[in-house]
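Student: what would the 3D arrangement of this be:
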Amino acid sequence: MTASSTLSEGADGARHAVGPSATATADGHERPDGAGKDGTVPDSAAPDSAAPDDAQDDTAPGTAGSKHPPRWLPRALALGIVAVFVGIFAWNALGALKSLWVAILIAFFLSLALEPATVWLVRRGWRRPAAAAVTLLGSLAAIVAVMALFGNLFVQQVVELGRTLPEYYGTLRSFVLGFVDLPLPEPEELVGEGLDQFGSDLAASALVVGSALLSGLFWSITILLVAYYLLAAGPRFRRAVCRWVPPDHQDEVLHLWGVVQRKVSDYIDTRLVLALISTVVTCAFLLILRTPYAIPLAVFVGVVSQFVPTIGAYLGGALPVMVALTGQGLWQAGAVLVFVVAYQQVENLWLAPMLSERALEMNAAVSLLVVLAFGAVFGALGAFLALPVAATIQAMATTYLRRHELIESHMFNDPEDKWVAAG
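Tutor: Residues are numbered from 1 along each chain as shown. Predicted coordinates:
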């Protein structure tokens with residue numbers, strides 16, 4: 001027997017081979033089945049017990065029971081990493097281009113606001129580029145004229161206020177010391193400290209102001225150029241946009257364009273009405289108070305308070321307060337200040353929402369909340385453009401969102417007056 005055979009002795013004492021079956025050879029030896037003449041066993045005929053435990057997995061990668069990941073996983077991970085870096089770059093690029101997008105938005109709304117005047121000139125035989133240039137430059141000239149007229153008055157009042165401020169401080173100091181013993185500095189000491197502080201900050205302030213002026217001039221020119229190109233293009237720009245839209249959706253695009261145009265025009269009309277009301281009311285109050293320059297001051301308050309975002313109300317009211325302070329006295333200036341603040345509350349809480357509800361077809365409470373929300377998120381520009389943007393979004397929602405019929409319910413109507421019902 002070979003060493004690979006195992007012998008066991010049964011109950012009858014005979015020896016039996018246990019294990020692989022053996023074949024007797026001519027020399028009396030036995031060899032396992034499948035062995036060659038030299039007694040070796042080929043690999044294909046090796047017993048199963050000789051196979052390794054971690055046999056190679058024949059299942060496809062990524063399927064159930066496979067030990068290998070899917071073949072597409074490395075490529076997906078690489079594409080995911082690239083997408084993350086591209087997203088970060090795009091986010092940073094959009095943040096860097098924020099000023100440019102704001103300038104384009106202002107130019108677009110400016111072109112919509114000036115579109116009716118441009119079309120009016122085109123209907124009377126003007127060529128579109130010339131009509132756009134006259135409309136835009138005429139509006140710019142009117143703004144510059146108002147700023148030059150009232151800017152000169154503003155500078156004069158600031159200089160006069162600087163000369164009379166120590167006198168008013170001395171009066172106020174004497175009044176306070178008559179009731180309370182406080183260590184208030186003398187007017188000369190206060191002026192000296194102010195001049196020292198002003199001289200130390202003059203260089204830095206001049207640099208900041210100069211940089212802000214240059215930046216403002218650059219963006220103003222950019223806005224005017226973009227607005228002119230949009231105005232001069234006119235129908236050609238709308239055709240260029242609609243070429244990217246399927247024919248069955250071009251009517252919707254043009255309809256929305258018309259809605260935006262109408263909402264912006266209504267918004268400008270609303271601002272003009274508010275400016276007229278503010279001018280009339282302010283002029284009447286200043287005439288009653290006999291404040292100098294009552295009519296030009298009233299026009300300044302009306303225009304600036306309506307067309308300068310956020311700070312327009314305070315900037316417009318500051319000039320008449322300074323004129324009253326330098327030309328009349330402290331109590332008249334206080335009266336003008338109280339009037340300006342009170343009128344702004346009435347306008348912001350009642351008059352402006354009421355006109356917005358009628359012109360822009362927007363609820364008064366919604367218009368107030370929209371202005372506050374846009375101002376908090378986008379600043380002064382957001383507060384100024386809040387109403388036309390919100391009105392446009394509302395019109396788009398009315399166009400595309402489905403409306404349903406109302407059921408019969410008493411909660412949809414106010415209860416009738418019993419006296420009216422009885423009559």
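Student: give me the helices and strands touching the one helix or strand L369 maps to, please.
Tutor: Take DSSP states H and E as the rule and L369 turns out to sit in helix 364-400. Where contact means 3 or more C-beta pairs under 8 Å, 6 or more residues apart in numbering; DSSP states H and E, helix 364-400 is packed against helix 98-123, helix 247-289, helix 352-359. Heads up, the C-betas are built off the backbone N, CA and C, glycines and all.
Student: my read: L297 touches V321, true?
Tutor: No. Taking contacts as C-beta atoms under 8 Å, L297 lies outside contact range of V321: 9.9 Å.
Student: more neighbours, those two?
Tutor: Taking other C-beta atoms under 10 Å, L297 and V321 do not tie; L297 has more neighbours (27 against 23).
Student: which one is the more buried one nearest to, not counting chain neighbours?
Tutor: Excluding the flanking residues, the one nearest L297 by C-beta to C-beta, 6 or more residues apart in numbering is P320, at 4.6 Å.
Student: what values do phi and psi take at the one you found?
Tutor: Backbone torsions of P320, given as degrees, to the nearest 10, read phi -60, psi -30.
Student: residue contacts, it?
Tutor: If you count contacts by C-beta atoms under 8 Å, 6 or more residues apart in numbering, P320 has them with 282, 286, 291, 297, 300-301, 336, 340.
Student: residue contacts, E115?
Tutor: 231, 234, 261, 265.
Student: again, only using 7 Å
Tutor: Shown in contact with E115 (C-beta atoms under 7 Å, 6 or more residues apart in numbering): 231, 261.
Student: for it, give me the pLDDT.
Tutor: pLDDT for E115: 88.
Student: that one and L230, how far apart?
Tutor: 9 Å (C-beta to C-beta, to the nearest Å).
Student: do C283 as well
Tutor: Noted for C283: a distance of 37 Å to L230, by C-beta to C-beta.
Student: tell me the buried residues in stretch 98-108?
Tutor: By neighbour count on 16 or more other C-beta atoms under 10 Å, the buried set for stretch 98-108 is 102-108.
Student: apologies, that question was intended for stretch 302-317.
Tutor: 302-307, 312-313, 316-317.
Student: can you name the next helix or strand after the helix or strand in which L214 is found?
Tutor: Under the criterion DSSP H and E, the helix or strand holding L214 is helix 187-233. Following helix 187-233 in sequence order, the next helix or strand is helix 235-242 (DSSP H and E).
Student: which neighbouring elements make contact with that next one?
Tutor: The contact analysis (3 or more C-beta pairs under 7 Å, 6 or more residues apart in numbering; DSSP states H and E) places helix 235-242 against helix 247-289.
Student: averaged pLDDT, the helix it packs on. What do you get?
Tutor: On average, the pLDDT along helix 247-289 is 85.
Student: other SSEs contacting that helix?
Tutor: Under the contact criterion of 3+ C-beta pairs under 7 Å, 6+ apart, helix 247-289 touches helix 98-123, helix 235-242, helix 294-307, helix 330-346, helix 352-359, helix 364-400.
Student: most packed of those helices?
Tutor: helix 294-307 (a mean of 22; mean count of other C-beta atoms under 10 Å).
Student: quick check: phi and psi on D414?
Tutor: The phi/psi pair for D414 (degrees, to the nearest 10) is phi -80, psi 150.
Student: hmm, I288 and Q332 touching each other?
Tutor: No. Applying C-beta atoms under 7 Å, one finds Q332 not in contact with I288, separated by 11.0 Å.
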